[in-house]
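Q: kindly return the folded structure for what I paste below:
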Amino acid sequence: MVKSKHTYSFILLIFCFGKTIAQNIKRPEINLDDFILKIAPIQTEDANYEETYENLFTIYQNPIDLNTANLGEFRALFFLSESKINAILDHRKKFGPLLSIYELQAVDGFSLEDIRNILPFVQVKPGFGSTRFSNFAKKAVEHYLVVRADQTLEPSAGYLEDKYIGSRQRYYTRYRMSHSKDFNIGFVTEKDAGESKMLDYYNFHIQVQNKSFIKNLVIGDYLMQFGQGMIFSAGYAAGKGSEPVYTTRRSNIGIRPYNSVVENGSFRGAATTITNGNFEITAMAAVNRRDASVQINAETQDDYFSSILSAGFHRTTTELSNQNLLLEKNIGGNILYKLDHIQIGFSVLNTSFDKSFQKRELLYNFYEFTGKQNTVLGPNISISWQNFNFFGEAAKSSSEGYGYITGLVGSLGPKVEWALNLRNYQPNFHTFYGFAFAEGSRTINEKGVYNGLKYIIKKGLEVSAFYDSFSFPWLKYRIDAPSAGSDYQVRILYKPNKIFSQYIAFHHENKQRNNTDSKEVTHSLVNTSRNNLVLGTDYTYQKVLRLQTKLQYNGFDVEKSGKSNGYAVIQDIEAKIRRMQLKTRIAYFNTDSYDSRIYAYENDVLYAVSFPAYYGKGFRYYAVAKFPITRSLDAWVRIAQTNVSDRNTIGSGNDEILGGKKTDLKVQLRYSF
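A: Predicted coordinates for the structure are as follows:
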């Protein structure tokens, strides 16, 4: 009887596993807004949330295979700790390939909350894609077309004064056909409000992966990331925030297609990675036309440019006259040697222009790049030891300037995670496509030491914090002397269950800037401090109603000049009404000046990001509705309005709107093939 019982249990187990393998498990639809708010509960103007959103969505569309992913691919999920990565790798060694993503429940150290976080970004595949292209359209898992139109209903000065030559509508399209780790075809087009051409901007890509010795090949628009991002950076890191440990480290992502509407942010050409044993060799070449401010040297009569214009607007005659004036060429690559616990790489990138780069002759520009050509090169390394990852990268540019970054991340125990980061970027170090961890917006003229810590006090209660001390050895814009500063943040999160959570976050930053009251030619410096405090609550009722409340304070103090304070009370309501999803907000804000403005991340339609600055005194409302029209066609409608009572205009310059009201309307359709 006992033997019969065991036999029956074994047959039942095999049946269940067979059913698990056979079924096509659908990954949960991701709420990227929640991820961004978790990473950055206090939003700042320096962070590129559109890039963070795009990168997270790229990982979501190209989920990591739990059975084949290496250390670098796992580390791209910056919310996955080093100990959990090692636990997955150890599980694979002991028990072989995972049969299902739900086998993560059997991996040491994984809680249900951990699995819920990772689930949208992972999969279990039987193998790589086929090398046959005859049926690639049928193999596509992601195949859709998105069309969007939006407009500000109140006309701005640029239209009333006939300075903008195009219509007031903004149009956006996005197409994608892909099969993860196999192929990817897509394009993006955009016309900004005020522009006249429907295809004012576009990008496209064709990508194939895992075809014999070709690991990756991209033709069209792309980015690359290797090492810690000093030479090649594709933005796969969120920087300083409430995930203070693993967001400070970059990983070897390699080549990825470019899908953003940031118009001067990508390479256009071809790049490929080939494998040979433990080596991965990547080569790239690109030719781009850039918008630039071009002038003529009075002495030599040669053309030169003083800046590359990254805004991408072509609404006025002046903006049109700067379009595509600069020819830029890039050629470079990376060699990566990979073992189980060590990766050693070397990157090189040569950038050349058809005109000389010459910034304005101001003292703070003394060390800036000049000339037509720059080469930056250097090694990078990543070593894993137990639950720690040690990493570093160094690079040198044609100007003889150098930079380096080194650090570690890891687990001090099952409840404590730690990050240490040291960086030094000389004032004459020049990298055009690198963006390593930094306080400033570029990898130049900065030294710093960063510490990050995350501690799980008990189940449902955790505290995270960071402290960053930095200095700028040379002058900067509006800073007429070498300067220094520091910032720190502490966040306490209480989440006793999956329907309720509450957090409090405090961020303090000290910096220096010019004393605007000084009469001297070279200004003296004064200290500034900024304090941010956020209290947030999140409650979900039976998956049909979600309430999010946030109280936010921002104080900005300038030495000898007084203090500016501001606060906002924000209430978000999400509801599911049959097949429709509705997200709404009402916010009241009151700030003394623009210095105490409050940035608040907002829900938007799919693939769009919104984080306006609330300043002055008034209200902000929005509503976003998503509803299916047919099985293949989904629609989004978003309306948002700002009402201010302390002034009679909103915006400035050509974007100034008369009156205290600004209303934005957005409509989007997605057709899934």
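Q: what about stretch 118-138, start to end distance?
A: Using C-alpha to C-alpha, to the nearest Å, the end-to-end distance of stretch 118-138 comes to 28 Å.
Q: shift numbering so it begins at 108
A: Let's use 108 as the start, then, which means that last one is stretch 225-245.
Q: all the strands of the stretch 408-557 of the chain, in order from the start?
A: 410-415, 433-445, 449-464, 478-492, 495-504, 509-520, 523-532, 553-565 (DSSP state E, counting those that start in this stretch).
Q: export those to CSV and append columns for distance to residue 697 and mean neighbour count.
A: (C-beta placed from N, C-alpha, C; glycine too.) Shown next, in CSV, are those (distance: least, C-beta to C-beta, whole Å; neighbours: other C-beta atoms under 10 Å):
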stretch, distance to residue 697, mean neighbour count
strand 410-415, 37, 17
strand 433-445, 44, 19
strand 449-464, 44, 18
strand 478-492, 47, 18
strand 495-504, 44, 21
strand 509-520, 40, 20
strand 523-532, 36, 20
strand 553-565, 33, 18
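Q: of all those, which lies closest to residue 608?
A: Across the strands of the stretch 408-557 of the chain, residue 608 has its closest neighbour in strand 553-565 (14.4 Å, C-beta to C-beta).
Q: name the helices or strands packed onto the closest one?
A: strand 523-532, strand 568-579 (3 or more C-beta pairs under 8 Å, 6 or more residues apart in numbering; DSSP states H and E).
Q: flag the shaky bits of the protein, pLDDT-wise.
A: Within the chain, the segments meeting pLDDT under 70 span 108-137, 150-157, 233-244, 342-345, 349, 628.
Q: redo that, cut-off 80
A: 108-166, 168-169, 179, 183-186, 232-247, 342-346, 348-349, 405, 624-629 (pLDDT under 80).
Q: list the contacts of the nearest residue to residue 450 once chain neighbours are set aside.
A: Excluding the flanking residues, the one nearest residue 450 by C-beta to C-beta, 6 or more residues apart in numbering is residue 489, at 4.5 Å. Residue 489 is in contact with 178-179, 358-359, 449-450, 496-498, counting by C-beta atoms under 8 Å, 6 or more residues apart in numbering.
Q: distance of residue 489 relative to residue 751?
A: From residue 489 across to residue 751, the span is 50 Å (C-beta to C-beta, to the nearest Å).
Q: what about residue 689, neighbour count?
A: Using other C-beta atoms under 10 Å, residue 689 is surrounded by 14 other residues.
Q: surely it touches residue 731?
A: Yes. Residue 689 lies in contact with residue 731 (C-beta atoms under 8 Å); the separation is 7.3 Å.
Q: and the strands of the stretch 408-557 of the chain: which comes nearest residue 320?
A: That would be strand 433-445 among these, by C-beta to C-beta, at 14.6 Å.
Q: paired strands for the closest one, with orientation please.
A: Partners of strand 433-445 in the sheet, by DSSP bridges, are strand 386-397 (antiparallel), strand 449-464 (antiparallel).
Q: so which of those strands comes closest to residue 314?
A: strand 386-397 (13.4 Å).
Q: contacts for the closest one?
A: So strand 386-397 is in contact with 322-323, 329, 331, 333, 361-362, 371, 373-382, 415-416, 431-445, going by C-beta under 8 Å, 6+ apart.
Q: mind doing that once more with 7 Å?
A: 322, 331, 361-362, 371, 374-381, 415, 431, 433-445 (C-beta atoms under 7 Å, 6 or more residues apart in numbering).
Q: repeat that for stretch 586-601.
A: 148, 349, 567-582, 608-621, 629-630, 632.
Q: buried ones in that stretch, by neighbour count?
A: 586-587, 590-598, 600 (16 or more other C-beta atoms under 10 Å).
Q: picking that back up, quick check: which of the strands of the stretch 408-557 of the chain is nearest to residue 747?
A: strand 410-415 (31.4 Å).
Q: quick one, that closest one and strand 478-492 angle?
A: 40 degrees (axes from the mean of the first three to the mean of the last three C-alpha atoms, to 10 degrees).
Q: in its sheet, what does strand 410-415 sit against?
A: Partners of strand 410-415, by DSSP bridges, with direction: strand 399-403 (antiparallel), strand 449-464 (parallel).
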